[in-house]
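Participant: I would like to see how this sequence folds:
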Amino acid sequence: MIPQRKADELLEWVERSFGYVFTRPELCEAALTHRSAGAHHNERLEFLGDSVLNCSVARLLFDAHSQADEGALSRLRATLVSGETLAQIATQLGLGEHLRLGPGELKSGGFRRASILADTLEAILGAMFLDSGFDAAAAVVGRIMGERMAALPAADLLKDPKTRLQETLQAHGVTLPVYTLTAVAGDAHAQSFTVTCEVPILGLAAVGEGGSRRRAEQLAATKLLELLPPEVSNP
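Facilitator: Numbers count the residues shown, from 1 in each chain. Model prediction:
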C-alpha cells in the first residue's frame, strides 16, 4: 500500500484535474498502476474505460452535430479518442507524475510514453464508471474533451487526402487521379516508396515519398490538392 499522505495527494489531484471524487480510492490506485508495477494493474480498467470513452464521445458529437451523417461523426470521434489526443490530455493533466511503474519502465521513461499515458487515462475513466456509474464517467469525459470538441475542424477536412481528392474531382466531373509507384528504395525493413499522382485531364502531377506505398500515395494526393485550380478546388 502507498502511504496515506500519498494517497490523499493522488485523490486531490484527481478531484482537481477531473472534477471527480472517488468513493473507492482503491479503484483510482489500480487505474494508475501499470502492469510493470504489479499484479493489480490497470489493463482491465483500460478495457472498460475505452468503451465508456467511445460511447460518451459519440453522444457528445451526436448532440453537437445534428446535421452530420454517420461517416462524419465517426471521423470526428476517431480524432477525439485517438491515442495521440488522449496522450496530450494526460500530459496536460500531469498524469505521468502519478503513474505507478515498475523499475524498468520508470528507468526507460514510461511516465512520458504516449501509449502508457493514453491507456492510463482510459483506465481512470473505467475506474470512475465502476465507482459511480456511466453518467458520472461521461460527465468527466465532457469536461476533459470540452476544448477539443469546440476546436474540431469540419468533418470533411478529416477525410484522408486521397478521399478528399477523389470527391473533389468527382464533384466537378473530372477524371479520377492515377497513382503510379515509381520507385522503391532501401532495405526490406526500412523501405522508402515514391508514388506519382496524376490528373491527366488537368495536366497536373505530384510526387509523394513515404515509408509505405499508402503513405506515399496520401502525401502525393495532399500535394496535388494544393495544385488544383480554384474552379475545381472550390465547392
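Participant: CA atoms for contacts and neighbours, from now on please.
Facilitator: Will do.
Participant: so how far is Glu70 from the spatially most central residue of the chain?
Facilitator: The centroid of the chain falls nearest to Ser82 when counting by CA atoms, centre = their mean (1.4 Å). Ser82 sits at a distance of 18 Å from Glu70 (criterion: CA to CA, to the nearest Å).
Participant: Ok, Asp63 next?
Facilitator: From Asp63 over to Glu70 (counting by CA to CA), the distance is 13 Å.
Participant: Okay, domains of this protein per the record?
Facilitator: By the assignment in automatic domain parsing, the chain contains the domains 4-153, 159-233.
Participant: Present those domains as CSV; the columns should include mean pLDDT.
Facilitator: Formatted as CSV, these follow (pLDDT from 0 to 100):
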stretch, mean pLDDT
domain 4-153, 92
domain 159-233, 92
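Participant: Now the top helix by length along the chain - C-alpha only, CSV.
Facilitator: Scanning the chain for the longest helix, with DSSP state H as the assignment, gives helix 43-64. Provided in CSV are the C-alpha atoms of helix 43-64 (Å, rounded to 0.1, in the frame of the first residue of the first chain):
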residue,chain,number,x,y,z
GLU,A,43,-5.4,-3.3,-18.1
ARG,A,44,-9.0,-4.5,-17.3
LEU,A,45,-10.0,-1.0,-16.3
GLU,A,46,-8.5,0.3,-19.5
PHE,A,47,-10.7,-2.1,-21.5
LEU,A,48,-13.7,-0.8,-19.7
GLY,A,49,-12.7,2.8,-20.0
ASP,A,50,-12.2,2.5,-23.7
SER,A,51,-15.9,1.6,-24.1
VAL,A,52,-17.0,4.4,-21.7
LEU,A,53,-14.9,6.9,-23.7
ASN,A,54,-16.2,5.9,-27.1
CYS,A,55,-19.8,5.9,-26.1
SER,A,56,-19.5,9.2,-24.2
VAL,A,57,-17.8,11.0,-27.1
ALA,A,58,-20.3,9.5,-29.6
ARG,A,59,-23.2,11.0,-27.6
LEU,A,60,-21.4,14.4,-27.3
LEU,A,61,-20.9,14.5,-31.0
PHE,A,62,-24.4,13.3,-31.8
ASP,A,63,-25.9,16.1,-29.8
ALA,A,64,-23.4,18.8,-31.0
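Participant: Excluding its own residues, what touches it? List them.
Facilitator: 31, 34-35, 73, 76-77, 80-81, 119-127, 129, 134, 137-138, 141-142 (CA atoms under 8 Å, 6 or more residues apart in numbering).
Participant: cool, stretch 219-235 as well?
Facilitator: The contact list for stretch 219-235 (CA under 8 Å, 6+ apart) reads 161-162, 165, 168-169, 171-172, 195-198, 204-210.
Participant: Stretch 101-110 now?
Facilitator: Contact partners of stretch 101-110, identified using CA under 8 Å, 6+ apart, comprise Thr33, His34, Arg35, Ser36, Ala37, Gly38, Phe111, Ile116.
Participant: Equivalent analysis for stretch 67-82, please.
Facilitator: So stretch 67-82 is contacted by 53-54, 57-58, 61-62, 65, 85-86, 145, 148-149, 152, 155-156, 158-159 (CA under 8 Å, 6+ apart).
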